[in-house]
Each structure stands twice: as structure tokens, then as C-alpha cells.
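Peer 1: what would the 3D arrangement of this be:
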Amino acid sequence: MIGTILLVIAGIFALLIIAGLFVPRSYKFSKSIVISGDKKHIFNTIDDLQTWSKWSQWSPDRDPAITITCSNPSAGVNSFMEWKGKKMGAGKMEIIATEPYKNITVATAFNKGLFKMDFDFSLEEIKDQQYSVKWTVRGKTKRGGFAKILGRMLPKMMGKDMEIALKLLKHYCEGTLS
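Peer 2: Next up is the predicted model:
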């Protein structure tokens, strides 16, 4: 009986490793929302990491034990935010590129750099004072097997949080977030 259980567990483990060999290391997924308002205000809200606690998942609302430290200045290339919390774990974000009022790229590292990804934010005017804000997550898994399979599950795992954050960003930028 125990031998059969161990054999089944070993078979599942082997299947995950073999399946992981055929899964690509790279991943990329996006969420977007339309925000009404001034493109400079929308861009500057995303570009200033100090504001992220008002609209993103890195906030005391999500993790009451979280501590957040931002660089001074907290906006623009080379600015960074570090956090440590019970639910959110530890990590760091650094703005590595900006194209004013169009694009922002944020390098993000979780668990002391063991898991890294980039966040790309793009603003595109769709009509007067209305902008599509697209948040793209991209990265590569470091290892094969299970890590690559986990990379395939990221859109589902992070997607809901991204949607919530984008809705909060919309309310914040449109002045309806209290």
C-alpha cells in the first residue's frame, strides 16, 4: 500500500519534470483599463512608487503587517520601493525606463531576487482625455520543470490582483477613490 502511494507520487513528480521540459521559459500577459483624465496625472501616478500603496496590491489594506520603503525621489528612473510583509513577502521594485506620458518599465524582484519579472505600463489615448492603460507582466523562469509550469499559471494567479489594482488606479486618477 505505502509502496503504491510512493510510486504514484514519484510518477506525478516525474510527469511534472518531463512536462516542464516542453513548456517555454518565457511568459507574458497583460491587463488593461480605460481611464478618463489628464495623461500627465495618470502617468505620474504610476511613475511615483509612493502612490502605489493607494492603488496597488502593495498596501496595508492587503497586508496590514507590510512595511514599505521608497527611495527619495520616489519617481522616475532609478527610484525604487522595497517591501516586507506577512502576506506579500519581501521584494523590491525599481523603475528602469520611462518615456514620459507613454511608457514605464518597472523591474520587480520577489523573495530576495529569486523570482524576477518586469512590469510594463503603457498609456495610449483612445479619445480626448481617455486613455487605455495597459499593464504587461513579462519574464523568464530560471529553472525547468515545475518553475516553468508555475510561469504558465501566473496569468491566473496575478490576473485578478492586476484587475483590482487597475480599477483602483482608475478611481484614484479620476478622483473617485476615497
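Peer 1: can you name the residues that contact the residue nearest to residue 102 when sequence neighbours are not counted?
Peer 2: Leaving aside its chain neighbours, residue 102 sits nearest to residue 123 (5.8 Å; criterion: C-beta to C-beta, 6 or more residues apart in numbering). (C-beta placed from N, C-alpha, C; glycine too.) Shown in contact with residue 123 (C-beta atoms under 8 Å, 6 or more residues apart in numbering): 39, 42, 43, 101, 102, 103, 131, 132, 133.
Peer 1: OK, contacts around the closest residue to the first one other than its chain neighbours?
Peer 2: In other words, residue 39. Excluding its sequence neighbours, the residue lying closest to residue 39 (C-beta to C-beta, 6+ apart) is residue 101, at 5.1 Å. By C-beta under 8 Å, 6+ apart, residue 101 lies in contact with 39, 40, 43, 123.
Peer 1: residues in contact with residue 73?
Peer 2: Taking C-beta under 8 Å, 6+ apart as the test, what residue 73 contacts is residue 79.
Peer 1: run the last query once more with 10 Å
Peer 2: Counting by C-beta atoms under 10 Å, 6 or more residues apart in numbering, residue 73 touches 48, 49, 50, 79.
Peer 1: with residue 32 instead?
Peer 2: 121, 122, 124, 132, 133, 134, 135, 136, 162, 163, 166.
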